[in-house]
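>>> I need the structure of the sequence given here:
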Amino acid sequence: MISTMIYQLLKDATVEEIKAAGLDSHYAEHNLALYPTDANGVPFTVAYFATTGDPLADLSEDMAAEQKARAVYENLIDLTDDPDVIGPLLWLRQREVVHFNRFKELYDFYKENKKEPR
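Numbers count the residues shown, from 1 in each chain. Sure thing, here's the model as predicted:
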């Protein structure tokens, strides 16, 4: 959804508008194509995704990721007053809250039913 929003915001932008927005280096390398990066321009990678095989550890990491995503959406909402951007961001934020709650329910289930170590 974020990529779609970025595409929609940039699709009719002029080169002057792109420069004014500080996106000239992105434009030089990618034109208006989407290239997932963080706010600092670091490309997306799955290199940092980790699993341990331990449900409690993995679910704890999943819950932390949902909270981090929620915080980022809240920060993005703070940066705009465009209702067409805020609406989808609010939906995405709520989705992270729901995901966190579902992971927490599963975490609690595993914690209550965990077998003794081998």
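
>>> Please make it C-alpha for all contacts and neighbour counts, starting now.
Will do.

>>> Next, the buried residues of stretch 89-106.
Judged by neighbour count using 16 or more other CA atoms under 10 Å, the buried positions of stretch 89-106 are Leu89, Leu90, Leu92, Arg93, Glu96, Val97, His99, Phe100, Phe103, Lys104.

>>> Could you measure from the second one over to Leu9?
When you say that, I think you mean Leu90. Leu90 is 17 Å from Leu9, where distance means CA to CA, to the nearest Å.

>>> Give me the below-cutoff pLDDT ranges for this structure.
Counting by pLDDT under 70, the chain contains low-confidence ranges at 115-118.

>>> now do 80
Scanning the chain with the threshold set as pLDDT under 80 gives 48-50, 115-118.

>>> which helix of it spans the most residues?
Longest helix in the chain by number of residues (criterion: DSSP state H): helix 83-113.

>>> any idea which residue sits dead centre in this protein?
The centroid of the chain falls nearest to Ala69 when counting by CA atoms, centre = their mean (4.8 Å).

>>> Many thanks, we can stop here.
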